[in-house]
Every structure is written in structure tokens, then in C-alpha cells.
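Chemist: Okay, sequence plus prediction incoming.
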Amino acid sequence: MSSPAPPDDCEGEGSGGRSLSYGEAEYWDARYVEEGGAPYDWYQRYDALRPFVLRFAPPASRLLMIGCGSALMSEDMVTDGYVEIVNIDISSVVIEMMRKKYFNIPQLQYLRMDVRDMSMFPDESFDCAIDKGTLDSLMCGVDAPLSAAQMVLEVDRLLKPGGVFILITYGDPSVRVPHLNQPGCKWKIVLYILRTYET
Ligand SMILES: C[S@@+](CC[C@H](N)C(=O)[O-])C[C@H]1O[C@@H](n2cnc3c(N)ncnc32)[C@H](O)[C@@H]1O
């Protein structure tokens, strides 16, 4: 993508303003058409995240990549030995592009899906879920707290006992962590503060 800027931490802005569009599928479809399939990783590339990902999710894990976009992260993880990564995104445009790009990599699946309703997957389907930037995008949409709650509850439902949710966010912990504390969710939270990478 042309702009390396992350979504604004627009939590609490409500409706109106440019940042609202990050919460809308139409915005992402148009953006991916404009970018023409060029890969882009928000915030961090896999090599910077690798020590943390390996610590919490070994390569044999069945992994859910939430809001995969056009990122190279899943491809890089397969190169690093990961055996099964199910990638979902609300943008049908990017899902179609990624399916074509990776048709010959059986470790990668791409499905068009809204993270707020992943009912296609049975409970306890995954060892690990990774989100890099998608909760941040939801926080820019209408009904942001509701969307965040739906997402967190779905992730909680889909993780096996002892499963791990790796949330990579631009948001301050003081505004993101409360969204993890949904009724019935008993997360043990480990927080790392990373430097932003230089472009
Ligand atoms: C900031 S981009 C991050 C893309 C990728 N994870 C990365 O690290 O480069 C946010 C992604 O979330 C997707 N997204 C936004 N709302 C979503 C939703 N409700 N369900 C699933 N994906 C969504 C967008 O289409 C976009 O690809």
C-alpha cells in the first residue's frame, strides 16, 4: 500500500471523519483494487514478530489469520515452517487476489469472512489466532465497541483450550485491553511494546 501510516487510533470519534472508512468493507475493497494486489504489511513484518509468534504458537499450530489483507506475513510463516494458516478478510477483492497468488501453497487458505461472525468455523477450531490491524480498523467503524466485543467473543469461541490470541495493535493498551475483557473470556494477558519499523 502506498501509505505506511497505521489507522488513527480513532476510538471514540463516532461517525464522521476520514478514519471511519477503515471500519467499512467498501473502503478496503476500493483500496485493494487501487493497490492492484501489491503486498503490504501493516505495522511490522514477520521477521520482527517472529520471536513472539514462535514463543506462543509453534509451527505445527492450526492458525487463524484475522483480516489478512495483502500482507506477506502468512507466506513468510509458511516459509518458516508453519503448516496450516487459515486467512480471513472481509474484502472479497483481497481474498480473490490472495487465492490466485497462493493457489499452489496448500498450507494457506483464504476465505471471505467477517471477523464478527465466523460461525462457519466450529468451536475450538484453532490453536492460535493472529490479528495485526483488524481490531484497530473495527475501532474506526460505527458501533465500534459492539464490533470489538463480537470479534473478541468469536476468537475466544474458536480457540482450543490453552489457545493463544496474538493481537498486534497500534492502540494504547489502556484503550485496547478493556475490549478483551468480555464476559466469559478469561485471558491471561502478556503485553509487549514494540518499536515501529522504519520504512
Ligand atoms: C489494517 S489492515 C491489516 C491487514 C493485515 N493484517 C496486515 O497486517 O497487513 C486491516 C484488514 O482488516 C480487514 N477487515 C476490516 N474489517 C474486517 C472485518 N469486520 N472482518 C474481517 N476483516 C476485516 C480489512 O479488509 C483489512 O484487510
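Modeler: Received it, and whenever you're ready, just let me know what you need. Residues are numbered from 1 along each chain as shown.
Chemist: Help me confirm that residue 178 is found in a strand?
Modeler: No. Read with DSSP: H, G, I helix; E, B strand; the rest coil, residue 178 is helix and lies in no strand.
Chemist: residues in contact with stretch 97-117?
Modeler: With contacts defined as C-beta atoms under 8 Å, 6 or more residues apart in numbering, stretch 97-117 is touched by 25, 32, 37, 66-68, 70, 74-75, 78, 82-92, 95, 120, 131, 134, 138, 147, 150-151, 154-155. C-beta here means a position set from N, CA and C on the backbone, and glycine is covered the same way.
Chemist: So is that stretch next to the ligand?
Modeler: Yes. Against the ligand, stretch 97-117 shows contacts by C-beta under 6 Å from any ligand atom at 114-116.
Chemist: ok, and for that stretch, which residues are buried?
Modeler: Residues of stretch 97-117 classed as buried: 97-98, 102, 107-110, 113-116 (neighbour count, 16 or more other C-beta atoms under 10 Å).
Chemist: Over to stretch 48-64?
Modeler: Within stretch 48-64, the residues scored as buried using 16+ other C-beta under 10 Å are 49, 53, 57, 61-64.
Chemist: Give the other helices and strands that the longest strand belonging to the chain contacts.
Modeler: Identified as the longest strand of the chain according to DSSP state E is strand 159-168. If you count contacts as 3 or more C-beta pairs under 8 Å, 6 or more residues apart in numbering; DSSP states H and E, strand 159-168 packs onto helix 46-56, strand 126-132.
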